[in-house]
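# Sequence and predicted structure are below.
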Number of protein chains: 2
Amino acid sequence: MKIVILGSGNVAYHLCKAFSQKNIAVEQIFGRNEKDLSQISSEFQIPYSTTSLADADIYLICVSDDSVAEISKLIKKENCLVAHTSGSLPKEILSGNYRKASFYPLQTFSKEKNLMYSEIPFFIETNQNEDEKTLFDLAEKVSQKVMRSSYEKRKYIHLTAVFACNFVNHLYARAKEISDHEGIPFDYFIPLIKETTEKIEHLDPKLAQTGPAIRNDERVLKLHEELIFNEEHRKIYKTLNESIKKMYEL
Amino acid sequence: MKIVILGSGNVAYHLCKAFSQKNIAVEQIFGRNEKDLSQISSEFQIPYSTTSLADADIYLICVSDDSVAEISKLIKKENCLVAHTSGSLPKEILSGNYRKASFYPLQTFSKEKNLMYSEIPFFIETNQNEDEKTLFDLAEKVSQKVMRSSYEKRKYIHLTAVFACNFVNHLYARAKEISDHEGIPFDYFIPLIKETTEKIEHLDPKLAQTGPAIRNDERVLKLHEELIFNEEHRKIYKTLNESIKKMYEL
């Protein structure tokens, strides 16, 4: 099976790295950004091109949602399997006469950060059983958690990830504004942040909730409202406290 | 130095455990809940009482905010140091003719979960240098991160912790409602959640932000609004996306 990866961002980089660790050959990495392509190329000994797409059996499109449709048109071959890696696009967004699929790794990727690929869930959707087997075989060389998933389900997986990852990171960013404002090093909060996350590996987060809102501690809630110095912080504080109270019917 | 701990909750339990690991004797653990007291007592070989408070040089009050003032009145001795462990109370809440202090460990405590005490920041406030030295010496036997902190600063430390811990846990609980609703095991999200947290140990969370809001991806934002089936989720989704857009001036 000849594999070509399209894109040179974080997902493309990590798929190249994961495949390289398992000695899965990638024929070519193809894209527009020559600097990024050449870096990936030299790190994993994969040929790259910005102009001429190599022949392959599987094309994996690892570009931003906006560019998936456009870049998929570059694949003129018909007897091949093309998959995108987006959590929020149907496979039908792919535009060509090839067989279409989704190959979605549920993780947040940054180039500078090593990842345990074996733990990353991969969600796969194809039209044909044979293609499903092909993508399962590929993903299972990298990960222990490979599953089927329809677009209907994938959309919700992505929405859940927005709450559990993107929004959580934003709370860290907002929390850091508060500690920065008071000259408190944000490092102090890292053990607390790690513990909050470790706890829910074994405990339902609903049962792990602590803090003034679930205690219905009006004194502290009022105190915090007085301390808050930023309108966005105030909106977040109100919305999340109200949501906590609703969840526990306080 | 004779130490007595008042309270039998999670903070009391973990202070007893941390002191026990460092061979720091605790004279007595005192409180109302005999069942919890006797468990702590037998686990760490510390005498307990629900009626007769032992003589000590240092009393550490580890009870909920609401009960600190009341329980502090039980200490009739004057030549002693009394500290509470709350993040959101002034030391003046303590009611007696003893020397007053704050001894605040920044962590979320559950009995069933082991903790690395050496990493937990302790914030200390006293009226006298000598008392400060006493509490620093005690905390430094347990932790490598012991600092002075006024009530003014402590309040903001606690507010930051609410954003970075309590609200983050609530987002996990809300995220799990979405995945439960779709029959997607929440376990799938654990590697993503861990990676989100590990990332900010090395990267400013403001620079680590990903997701549809920071990309100003109107298609996905609209798609998610259509998927959301719960009014509280909708409010959180709107508030946090707007806050992300404001932070990055999108």
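The structure has been received and is ready for your questions.
# Which residue ranges of chain A form strands?
Per DSSP state E, chain A carries strands over the ranges A:3-6, A:28-30, A:48-49, A:58-61, A:81-84, A:99-105, A:122-126, A:146-148.
# how about the fourth one as CSV, C-alpha atoms only?
To tie it back to what came earlier, the one meant is strand A:58-61. Written as CSV, here are the backbone C-alpha positions of strand A:58-61 (Å, rounded to 0.1, in the frame of the first residue of the first chain):
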residue,chain,number,x,y,z
ILE,A,58,-4.1,5.9,0.1
TYR,A,59,-4.1,9.7,0.3
LEU,A,60,-4.4,11.2,3.7
ILE,A,61,-5.5,14.8,3.7
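# which other helices and strands contact that strand?
strand A:3-6, helix A:65-72, strand A:81-84, helix A:129-142 (3 or more C-beta pairs under 8 Å, 6 or more residues apart in numbering or on different chains; DSSP states H and E). C-beta here means a position set from N, CA and C on the backbone, and glycine is covered the same way.
# returning to what we had before: what about the strands of chain A, which gets the closest to B:Ile75?
strand A:99-105 (57.6 Å; C-beta to C-beta).
# Neighbouring strands - and their directions - for that closest one?
strand A:81-84 (parallel), strand A:122-126 (antiparallel) (DSSP bridges).
# so that strand versus helix A:65-72, what angle?
140 degrees (axes from the mean of the first three to the mean of the last three C-alpha atoms, to 10 degrees).
# per the record, what domains does chain A have?
A:3-149, A:154-247 (automatic domain parsing).
# could I get the ones you listed as a markdown table with distance to B:His158, mean pLDDT and mean neighbour count?
Listed next are the domains of chain A as a markdown table, based on distance: least, C-beta to C-beta, whole Å; pLDDT from 0 to 100; neighbours: other C-beta atoms under 10 Å in any protein chain shown:
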| stretch | distance to B:His158 | mean pLDDT | mean neighbour count |
| --- | --- | --- | --- |
| domain A:3-149 | 28 | 97 | 18 |
| domain A:154-247 | 8 | 96 | 19 |
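# Return the list of helices and strands in contact with the lengthiest helix in chain A.
The longest helix of chain A (DSSP state H) is helix A:231-247. Here helix A:231-247 touches helix A:167-181, helix A:218-227, helix B:168-181, helix B:231-247, going by 3+ C-beta pairs under 8 Å, 6+ apart.
# Can you give the distance of it from its chain's centre?
26 Å (C-alpha atoms, centre = their mean, to the nearest Å).
# just stretch A:129-141 next, same as before
Counting by C-alpha atoms, centre = their mean, stretch A:129-141 comes out at 20 Å from the chain centroid.
# likewise stretch A:114-129?
Taking mean C-alpha positions (C-alpha atoms, centre = their mean), stretch A:114-129 and its chain are 12 Å apart.
# Outside of that stretch itself, list whatever touches it.
A:14, A:17-18, A:21, A:81, A:83, A:91, A:99-107, A:109, A:132, A:135-136, A:139, A:142-151, A:153-154, A:157, B:188, B:191, B:195 (C-beta atoms under 8 Å, 6 or more residues apart in numbering or on different chains).
# cool, stretch A:150-163 as well?
A:87-88, A:90-91, A:102, A:104, A:106, A:123, A:125, A:149, B:171-172, B:174-176, B:178-179, B:181-182, B:184, B:188-189, B:192, B:211-212, B:220, B:223-224, B:227-228, B:233, B:236-237.
# repeat that for 6 Å
A:87-88, A:90, A:104, A:123, B:171, B:174-175, B:178-179, B:182, B:184, B:192, B:211, B:224, B:227 (C-beta atoms under 6 Å, 6 or more residues apart in numbering or on different chains).
# CA atoms only for that stretch, dumped as CSV, please.
What follows is stretch A:150-163, C-alpha atoms only, in CSV (Å, rounded to 0.1, in the frame of the first residue of the first chain):
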residue,chain,number,x,y,z
SER,A,150,-20.2,7.9,11.4
TYR,A,151,-20.1,11.6,10.6
GLU,A,152,-23.1,12.0,12.9
LYS,A,153,-21.1,10.6,15.8
ARG,A,154,-17.8,12.3,14.8
LYS,A,155,-19.4,15.7,15.0
TYR,A,156,-20.3,15.1,18.7
ILE,A,157,-16.9,13.7,19.4
HIS,A,158,-15.5,16.9,18.1
LEU,A,159,-17.9,19.0,20.1
THR,A,160,-17.0,17.1,23.3
ALA,A,161,-13.4,17.7,22.5
VAL,A,162,-14.0,21.5,22.2
PHE,A,163,-15.4,21.4,25.8
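# quick revisit: for the domains of chain A, give me JSON lines that also has distance to B:Phe44.
Shown next, in JSON lines, are these (distance: least, C-beta to C-beta, whole Å):
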{"stretch": "domain A:3-149", "distance to B:Phe44": "36"}
{"stretch": "domain A:154-247", "distance to B:Phe44": "21"}
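# Those domains: which one's closest to B:Lys199?
Short answer: domain A:3-149, nearest of the domains of chain A by C-beta to C-beta, at 6.2 Å.
# for the closest one, how far is the first residue from the last?
Using C-alpha to C-alpha, to the nearest Å, one end of domain A:3-149 lies 22 Å from the other.
# Report the distance from that domain to the chain centre.
Counting by C-alpha atoms, centre = their mean, domain A:3-149 comes out at 14 Å from the chain centroid.
# Check the gap between the spatially most distant residue from the centre of chain A and chain B for me.
The outermost residue of chain A, judged against the average C-alpha position, is A:Arg219 (39.2 Å), by C-alpha atoms, centre = their mean. Using C-beta to the nearest C-beta, to the nearest Å, A:Arg219 is found at 7 Å from chain B.
# Could you do A:Glu249 as well?
Relative to chain B, and taking C-beta to the nearest C-beta, A:Glu249 is found at 12 Å.
# Could I get the contacting residues of that residue?
A:Glu249 touches nothing, counting by C-beta under 6 Å, 6+ apart.
# Setting the sequence-adjacent residues aside, check what's closest to A:Arg1.
If you look again at residue A:1, you'll see it is Met, not Arg. Once flanking residues are discounted, A:Met1 sits nearest to A:Asp57: 4.8 Å by C-beta to C-beta, 6 or more residues apart in numbering or on different chains.
# what's near enough to touch the residue lying closest to A:Glu92 once chain neighbours are set aside?
Ranked by C-beta to C-beta, 6+ apart and with sequence neighbours excluded, the top spatial neighbour of A:Glu92 is A:Lys100, at 6.6 Å. By C-beta under 6 Å, 6+ apart, the residues touching A:Lys100 are A:Val82, A:Lys91, A:Leu94.
# For A:Lys100, name its beta-bridge partners.
Beta-bridge partners of A:Lys100, as defined by DSSP bridges: A:Val82.
# Same check on A:Glu125?
In beta-bridge terms (that is, DSSP bridges), A:Glu125 pairs with A:Ser102.
# coming back round to it: can you add distance to A:Ile29 and give the helices and strands packed on helix A:231-247 back as a markdown table?
Formatted as a markdown table, the helices and strands packed on helix A:231-247 follow (distance: least, C-beta to C-beta, whole Å):
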| stretch | distance to A:Ile29 |
| --- | --- |
| helix A:167-181 | 28 |
| helix A:218-227 | 50 |
| helix B:168-181 | 33 |
| helix B:231-247 | 31 |
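# Which among those is found nearest to A:Lys113?
helix A:167-181 (13.4 Å).
# Contacts for that closest one, please.
A:186, B:159-160, B:163-164, B:167-168, B:171, B:196, B:200, B:205-206, B:208-209, B:240, B:244.
# Please repeat the previous calculation with a cut-off of 8 Å.
Under C-beta under 8 Å, 6+ apart, the answer for helix A:167-181 is A:185-186, A:188-189, A:193, A:229-230, A:232-233, A:236, B:156-157, B:159-161, B:163-164, B:167-168, B:171-172, B:193, B:196-197, B:199-200, B:204-206, B:208-211, B:236, B:240, B:243-244, B:247.
# What distance do you get for A:His158 to B:Leu221?
Counting by C-beta to C-beta, to the nearest Å, the separation of A:His158 from B:Leu221 is 12 Å.
# That's all I had, so thanks and see you.
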